[in-house]
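Colleague: turn this into a model:
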Amino acid sequence: MRDVTTSATRVYAARLVGLPVFDPQGDQVGKVRDVVIVIRPGTNPPRVVGLVVEVLGRRRVFLPVTRITGIDVDQVVTTGLLNVRKFERRHTETLVMAQLLDRTVRFRSGDEEITGTVYDVGLEQTRTRDWVVTRVAITEPGKRFRRHGQTHVVDWRDVEGLRTPEEGQGAIHLVAALNEMRPADAAIMLHDLTAKRRGEVVAALDDERLAAVLEELSDEDQVEIMGILDSERAADILQEMGADDAADLIAELPPETAERLLGLMEPEEADDVRRLMSYEELTAGGMMTPEPVILPPSATIAEALAHVRAPELTTSLAALAYVCRPPLEPPTGRLLGVVHIQRLLREPPSSLVAGALDTDMDYLRPEASLEDVAAHLATYNLVAAPVVDEEGRLLGAVTVDDLLDHMLPDNWRDRPLTSGALDG
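Modeller: Next up, the predicted model:
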């Protein structure tokens, strides 16, 4: 294997994570998510047995190290055969990213014993072509006004504390890795952690990031994580989530817990969630987003474009702006029409959105069924559509991603997509 670091034979585990995995024909079959090692007794270095690879469809599978033919700075190449059975860690195995990072260890430097935390491990290939862990990258705690302490790369044999999981392991470096991932990818890693490790990571993630990851988890995982949070933080997380996702999650909680959390939320946020919960789940009202881009008719094209550029908007929510009479908070004044982002891009910035309205679009009613919503979006080739009440007031918008979340089977996150490069 070629090196991805400065050494001719050594690779570092954290640098492997996120690399695409290709078959010999150049087709991507997945991404590296972790490194699997076996810690052996005595002075034998831990042996690398393979990689955890996320294949198409977000399933995590095991790629034995014997099926890896090359590693470069930006890719891993395999023999082309992957077993698509979901990866299950054996009790003798340790995951570098999920379990080893942030473990507190000790080593000696001269006459001084130094305590620090693991932030990476170095892997090397032996003469027998086995891969083993030979180096441990360790960072000391920050001292005085320094946020980061000194770092060391130490021989595996000189490190104490790696063989036994510690009771209160930190999560700084694992959280840093999760923060580099898309929320959907971070959700998969969080799902695969042990309950103990998951709790440590949840405690270390900031509220905004945890909310984004929660939105990508299954109902069961969401409820479990909410159960380990104190009520104040749980309410804060719900406020960071989209109102539709928060409503779906609260609906899964025991009624007394749901009511307590709603009472701890800001009144405006709680009102949005309660309003969504008043509709049947599989209806336009139950799945809509109550915070689309809403503008008065006096807004300019430039102002509309500034609103749809907001980074927190999904692609589907940014596709349309809804022009309404005041008030502009749902339920708004009468909906006058919508403006498509393509039309916004073709109009002079100083023009008013009122002159670019699409007034011919049919609107959805909150009681419209899942099938009605799907047919509506498909018929008019839309990625979003407004939901209005009997008086023509805008209540929210249904997006294609809202629709797919409700149309796909409950276990869709665990089901792989088929690929000719995968071997069942």
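Colleague: pretty sure D272 belongs to a helix, no?
Modeller: Yes. Judged by DSSP: H, G, I helix; E, B strand; the rest coil, D272 forms part of a helix.
Colleague: for Q28, see how far away it is.
Modeller: Distance from D272 to Q28, counting by C-beta to C-beta, to the nearest Å: 40 Å. For every residue, glycine as well, the C-beta is placed using N, CA and C.
Colleague: off-centre distance for stretch 384-399?
Modeller: Mean-position distance between stretch 384-399 and its chain equals 29 Å (C-alpha atoms, centre = their mean, to the nearest Å).
Colleague: now it: buried residues?
Modeller: Across stretch 384-399, burial judged by 16 or more other C-beta atoms under 10 Å covers 384-389, 392-399.
Colleague: neighbour-wise, which of D272 and Q28 wins?
Modeller: Neighbour count, other C-beta atoms under 10 Å: between D272 and Q28, D272 has more, with 24 against 14.
Colleague: low-confidence stretches in the stretch 101-250 of the chain?
Modeller: The model of the stretch 101-250 of the chain has pLDDT under 70 over residues 143-148, 166.
Colleague: can you give me the helices in it?
Modeller: 172-179, 183-192, 195-204, 207-214, 219-228, 231-240, 243-252 (DSSP state H, counting those that start in this stretch).
Colleague: again, but for the stretch 301-424 of the chain
Modeller: Secondary structure of the stretch 301-424 of the chain, counting by DSSP H, counting those that start in this stretch: helices at 301-308, 341-346, 370-379, 400-407.
Colleague: E371: how many residues sit nearby?
Modeller: 10.
Colleague: now it: how far from L403?
Modeller: For E371, the distance to L403 (C-beta to C-beta) stands at 10 Å.
Colleague: do W131 as well
Modeller: Distance of W131 to L403, computed by C-beta to C-beta: 45 Å.
Colleague: just A195 next, same as before
Modeller: With C-beta to C-beta as the criterion, A195 and L403 are 33 Å apart.
Colleague: and the two? Which one has more around it.
Modeller: Remark: of A195 and L403, L403 carries more neighbours, 22 against 8, as counted by other C-beta under 10 Å.
Colleague: what's the domain layout of this protein?
Modeller: Segmentation of the chain into domains, based on automatic domain parsing, reads 1-176, 177-286, 293-407.
Colleague: how many residues are close by the spatially closest residue to S351 that is not a sequence neighbour?
Modeller: Closest residue to S351 apart from its sequence neighbours, by C-beta to C-beta, 6 or more residues apart in numbering: I301 at 5.0 Å. When counting by other C-beta under 10 Å, one arrives at 22 neighbours for I301.
Colleague: mind listing the strands for the stretch 301-424 of the chain?
Modeller: 320-324, 335-340, 384-388, 394-399 (DSSP state E, counting those that start in this stretch).
Colleague: of all the ones you listed, which one is nearest E220?
Modeller: strand 394-399 (24.3 Å; C-beta to C-beta).
Colleague: and the contacts of the closest one?
Modeller: Contacts to strand 394-399, defined as C-beta atoms under 8 Å, 6 or more residues apart in numbering, come from residues 275-276, 284-285, 287-292, 294, 314, 316-317, 320, 322, 324, 330-332, 335, 364, 366, 373, 377, 383-389.
Colleague: where's the most centrally placed residue in the chain relative to P141, distance?
Modeller: Geometric centre of the chain, nearest residue: P183, 1.6 Å, by C-alpha atoms, centre = their mean. Between P183 and P141 the distance is 30 Å, computed by C-beta to C-beta.
Colleague: ok, now how distant is P64 from G50?
Modeller: From P64 to G50 the distance is 4 Å (C-beta to C-beta).
Colleague: how about D389?
Modeller: According to C-beta to C-beta, D389 stands 56 Å off from G50.
Colleague: again, but for E371
Modeller: For E371 relative to G50 (C-beta to C-beta), the value is 44 Å.
Colleague: chain center to the helix or strand hosting E268: distance?
Modeller: In this assignment (DSSP states H and E), E268 forms part of helix 267-277. Computed by C-alpha atoms, centre = their mean, the chain-centroid distance of helix 267-277 equals 25 Å.
Colleague: which other helices and strands does the next helix or strand after it contact?
Modeller: Moving toward the C-terminus from helix 267-277, the next helix or strand (DSSP H and E) is helix 284-287. On a contact count with 3 or more C-beta pairs under 8 Å, 6 or more residues apart in numbering; DSSP states H and E, helix 284-287 meets helix 370-379, strand 394-399, helix 400-407.
Colleague: give the contact list for the closest residue to I237 other than its chain neighbours.
Modeller: If the residues on either side of it in the chain are set aside, I237 comes closest to A211, at 5.1 Å by C-beta to C-beta, 6+ apart. Shown in contact with A211 (C-beta under 8 Å, 6+ apart): I237, L238, E240, M241.
Colleague: and for S369?
Modeller: Contacts of S369 by C-beta under 8 Å, 6+ apart are L282, T283.
Colleague: need the longest strand for the protein.
Modeller: Identified as the longest strand of the chain according to DSSP state E is strand 112-125.
Colleague: check which helix or strand V76 maps to.
Modeller: Counting by DSSP H and E, V76 is found in strand 75-78.
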